[in-house]
Structures are given as structure tokens and as C-alpha cells.
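> Quick one, what's the 3D model for this:
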Amino acid sequence: MKNILIFLAMCLLLLNTVIARDDADELFNDGKEYTAEREWQKAIDKFQELIDNYPQSRYHDDALFWIGYCLENREQSKVDAYLTYGQLTSKFPESTWKDDAIIHQLDLAALFVLQGQVTYRSFIQEQTTNSIPYIARKSQEILEELDNRAQDSLAIQQIPEDAYSLSMEALYDKLGLTSKESAPDEDDFLFFPTERYTQYRSLLRNDDKWSQEELFDFGMWTILKDEQMSSYFALSGYDRREWFRKYWAQKDPTPTTPENEALEEFKRRVVHAKSYFGTLVDYKHLKFLRDQDLRRDWFHAPWDARGELYVKYGEPDFSTINDFRKDEWLYNGLHADFLINHHMTNIYGNAITAGPYSIETYGENIARVNFDYIFNNEFRYIHNYDREPIEDARMDIRVNPNNHSEIIVLYSLPFEEFEFNENDQIQYKQTYIVFNEDMSAVQQLATVETIRYRGNDTFTREIKLLLAPGAYRFALRIEDLNSDKLGIYSQNFSVKAKD
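Numbering: from 1, shown residues only. Next up is the predicted model:
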């Protein structure tokens, strides 16, 4: 009889364990569904209920991460998100979510420092010695970015030729406005490209439930030239995502590594623009141009004119409040400053104007500030490689005349750019990747090369590739193993079919 009772007790315990596991699974799945729907508080409640009722659940660390993620996306909860990620890393040091949590903490800490909360800098500094190379490298890059936000000036393209001006009468007709609604003076002309305006209108929402994909689309609208924008927005679904992937793959400053720092910076800027420059207003006693202002319950953009500049150029080197609902931002790399209105986009060219420093610097050429920066769609990002460059490299890609499918890559480098070891040799790691027209890797190889110095100024190496007809990009990375020098080179080429 005693054995029967023990057996029944064990069965009951097992049954309760199975039921508890099922309940925990249901709570976790409910939380993830609410997260996907951007119902942040409902998701937090489900994950918290799981932690409170089933503390031994296998989902405990998962739930903590997703609570942090929801808090990070919910307004006014970023500090709580930072602390929740920290709770995860300390309570579950072996969790597969630990690295992700630290990455999110780094991004939040950087935002806090930029807001003047310098105490968070110590966390970023601590992570520079993290045993995970990617985390240590990201921490160092964040610190360097915080220390020096200046960007070098790049070649600028002019405003597209199809830009045109509308009188206020034509503008009213286009927007369906009446003369009773507030708008700029009748003598004003508002400049914007026709197709870009139409695309802008299609991206607006009358609520604030922006998906990540919608925010990225608006970010792309902000940075793409007209011909690129037409190609991008003519697509949808998978095709548009593929276009997005290929576009950013071509801008990857380190194409031989898994990380794409340019894309990560774009995503960071988009999230920052929505978080800090997307506040909706509800001034019912004021009148608005319906598609320009960020007014609650009206169709609006995800961020105002400050967000537009931020997505294009990143953090200003200096910012101050110039007037009520107006900021002044200075970018040293552009040699320009801007006066920017809050809660309105620059779709009509009246939310961003040249600031006093720009006027003093450019003088009679002040129109350049409009064409080169305010109305110019671009994405500026200068990657900090944190390595001394290997200079004076030469690379030549040619077709083997005896075999048209064989490509020969020749590169030559100066010996003086490398450090010699005690055997009068140089050693470097050679990594190359061949991308096809879709920017998918079709060949890649990493080797360590050892070369003895024999009195020549340079040395030459040959790489042979067998490729089918098509368009390709060759990316080469050279890392000196005896110093911190680094060289990254890329070149487009094509393989023609046999006649």
C-alpha cells in the first residue's frame, strides 16, 4: 500500500510539472505575440507573470530579455530597460541572451551619455575589456564616437533636376486645403521634388504604431537619391527587402567581416530619430499643414525635421535651443549650422534653414547650404577602423586570355608598410570575398602569408578565381600580424560569356 501511495504521489508531481510547463509556454507565447504587435505593456505583463508564477521556468532569462526589449521601445522607459538587461546578465551569466543584452545596454548607455548622463560612460568603458571581441570592439567604437563626432567633408551632389516650386494656390489644390487653414505667406514658394512628395504622402500614418520596416522605409526615403528612391519604392515585400540588403551590403566598410557597421549606424539613427524627435503635439488652437506637422490623430511622419538631419548626418557636434520650438545644430564636418523647427518635417522646405554660422561662413554662396545639405538626400558615415592604414596598394583584376572563366587578381604592396619579424620576414592575414551581382558571397578564403624581404620595394601576389559569366565585386582585407596596420580594398568587375 505504501508503494502505491508513493507511485501516485510521483504521478501527481509529474502531472503538475507538465501542467506548469504548459502554462509557462502559453504565457511566453502570449508575450511574444504582444511584442510582435508592439503592445509593449501587455507583453511586459505576460512575461512578468511568467517570472512571478514560474521562477524555475526555462523561459526565465528569455522573459527578462523581452521585458527589457519592450521597455526599451516604450516611451520614458529606457532606464528601466537598461536595468532589466543588467539583471539578466548578472542573474543568468550563461544565458544565450547575455551578449544581446549587453549590446542593448551599450546602445542605451551611449544615448544616456549624449543626453548628459555621463555616469553611464563607465559601463561602456568596462565593456572594452569584454572577452567577446565584437562587444569589446563595439564599446571602443562608441567611446571614440562620443569623443569625436566630427566627420570629414565628402563630395556632395546637387539637388535633383526634377525639383520644382509650387505657388501657394497650387499647393492648396494638391493638399486639398482651404485658404482658412494656416500656411506660409502667399508670396512664399515651397520647393520639393514631385515624386518624392508623393512617396512621402504614402508613408504617413494617422497613429503612432510604426513597425520597424516602416521606420526603415522612412529612413530610406530620407537618404536615397531620386533614382534610387524610385527603384526602392517600386518594390514590395521580399523584393524590397532584397534591394535594402544589397544597398547596404554595397556600403559595408568591412565587407570581409559579418558586421556591417554602416547598416547598424543607419538603424541606430532611425531608432534615435523616432525616440527623440517623434513626439506628437495636440495644440488644438493651432492650424497645421496636415501632412507636415506631427499632430496627434493626423497623418504624420515618424519624426520631425531634426530626425531628418539626424538620419542623414548623425549626432551634431553642438546643439542648443535657439528659440521656442526651434534648435540650432552645428556640424563641424559640414562647416555649417542649421535652425530646425520642432514637430514639423521639412517636406515644404520651411522647417530647416541655414544658421548664423553658415551665413557667416558661406556668405554669398549660402545657397550651397540648401543644395548641399538641407535638400540633399544622403547618408554620411565615416567608419573608424581603429587601425593604421596600409597605403600605396595596387590591385588589378584581369581575365586569363587562355581561359575566359578564370579571373586573375594581382595586388602589390610596399614592404615598408609592414613590420618585419626577427627573420627579416613579414606576415599578414589575407582574406578575400567575391560577391555576385546580388551581393551574395560566392567565394571566400582566408590565409596567412609569410614573405621574406629580398631587397625589392614591393611584393606582388596572385589570386585565381573560376567564375561564371556575370557581374562581381572583389573585396580584399590585408592585416599585418606584426603591427596594427590594416588595408581594405574592393573593386567591381565582370566576366563575359564566350563569343
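
> P253 is in what secondary structure piece?
Taking DSSP states H and E as the definition, one finds P253 inside no helix or strand.

> Low-confidence regions, the protein specifically.
Within the chain, the segments meeting pLDDT under 70 span 1-22, 75, 116, 148-194, 282-290, 322-324, 499.

> Going along the chain, name the strands of it.
For the chain, applying DSSP state E gives strands covering 163-166, 190-193, 318-323, 326-331, 336-341, 352-354, 394-400, 403-414, 425-435, 441-452, 458-466, 470-480, 486-495.

> Return the most buried member of these.
strand 336-341 (a mean of 24; mean count of other CB atoms under 10 Å). C-beta coordinates here come from the backbone N, C-alpha and C atoms, glycine included.

> and it, which strands flank it?
Strand pairing for strand 336-341, using DSSP bridges, gives strand 326-331 (antiparallel), strand 352-354 (antiparallel).

> any idea how the chain splits into domains?
18-147, 163-374, 394-495 (automatic domain parsing).

> got TSV for the ones you listed, with distance to R387 too?
Converted to TSV, the domains of the chain look like this (distance: least, CB to CB, whole Å):
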stretch	distance to R387
domain 18-147	11
domain 163-374	11
domain 394-495	4
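
> for the ones you listed, which one sits closest to R380?
Among the domains of the chain, domain 163-374 comes nearest to R380, with 5.4 Å by CB to CB.

> Not counting its neighbours along the chain, what's nearest F435?
R473 (4.4 Å; CB to CB, 6 or more residues apart in numbering).

> OK, contacts around that neighbour?
Residues in contact with R473, defined by CB atoms under 8 Å, 6 or more residues apart in numbering, are 250, 255, 434-435, 439, 490-493.

> Quick one: closest of the strands paired with strand 336-341 to L413.
That would be strand 326-331 among the strands paired with strand 336-341, by CB to CB, at 35.6 Å.

> how much distance is there from the closest one to the middle of the chain?
Distance of strand 326-331 from its chain centroid, counting by CA atoms, centre = their mean, to the nearest Å, is 22 Å.

> What lies in contact with it?
Counting by CB under 8 Å, 6+ apart, 151, 306, 309, 313, 316-322, 336-342, 355-357 sit against strand 326-331.

> Can you give me the neighbour number for F418?
22 (other CB atoms under 10 Å).

> And the one 3 residues further on, by the same measure?
N421 sits with 12 neighbouring residues when counted by other CB under 10 Å.

> Let the chain start at 25 from now.
That works, and once the first residue is 25, the last one we named lands at N445.

> what's the burial count for the closest residue to D104 other than its chain neighbours?
Excluding its sequence neighbours, the residue lying closest to D104 (CB to CB, 6+ apart) is L95, at 4.7 Å. Neighbour count for L95, taken as other CB under 10 Å: 23.

> do D47 as well
Quick note: D47 (other CB under 10 Å) scores 15 neighbours.

> S382 now?
24.

> so what's it up against?
Applying CB under 8 Å, 6+ apart, the residues contacting S382 are 360-362, 390, 393.

> ok so, going back, please render the strands of the chain as TSV that adds distance to Y109 to the earlier fields.
Converted to TSV, the strands of the chain look like this (distance: least, CB to CB, whole Å):
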stretch	distance to Y109
strand 187-190	45
strand 214-217	41
strand 342-347	28
strand 350-355	30
strand 360-365	32
strand 376-378	35
strand 418-424	43
strand 427-438	44
strand 449-459	33
strand 465-476	33
strand 482-490	44
strand 494-504	32
strand 510-519	32
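
> any idea how far the spatially closest residue to Y58 that is not a sequence neighbour is from E503?
Among residues not flanking Y58 along the chain, A67 sits closest, at 3.6 Å (CB to CB, 6+ apart). Distance, A67 to E503, using CB to CB, to the nearest Å: 44 Å.

> same thing with I159?
Distance from I159 to E503, by CB to CB: 20 Å.

> What number of residues are in the vicinity of A105?
As a burial measure, A105 scores 21 neighbours (other CB under 10 Å).

> didn't it look like it was pressed against L132?
Yes - assessed by CB atoms under 8 Å, A105 is found in contact with L132 at 6.4 Å.

> so what sits against both of those two?
Common neighbours of A105 and L132, using CB under 8 Å, 6+ apart, are E96.

> quick revisit: I'd like the contacts of R497 as CSV, with distance to V423 appended.
Listed next are those as CSV, based on distance: CB to CB, whole Å:
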residue, distance to V423
Q274, 23
P279, 22
V458, 14
F459, 18
M463, 22
S514, 18
Q515, 14
N516, 14
F517, 9
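
> So which of these is the closest to N480?
Taking the contacts of R497 together and measuring to N480 by CB to CB, the closest member is Q515, at 23.9 Å.

> didn't D416 look like it was pressed against S436?
No - between D416 and S436 there is no contact under CB under 8 Å: 9.0 Å.

> close enough to count as contact, R411 and D508?
Yes - if you go by CB under 8 Å, R411 and D508 touch, sitting 5.2 Å apart.

> tell me the contacts of K56?
Counted by CB under 8 Å, 6+ apart, K56 has contacts 67, 90.

> Distance of it relative to F399?
For K56, the distance to F399 - CB to CB - is 43 Å.

> repeat for K509
40 Å.
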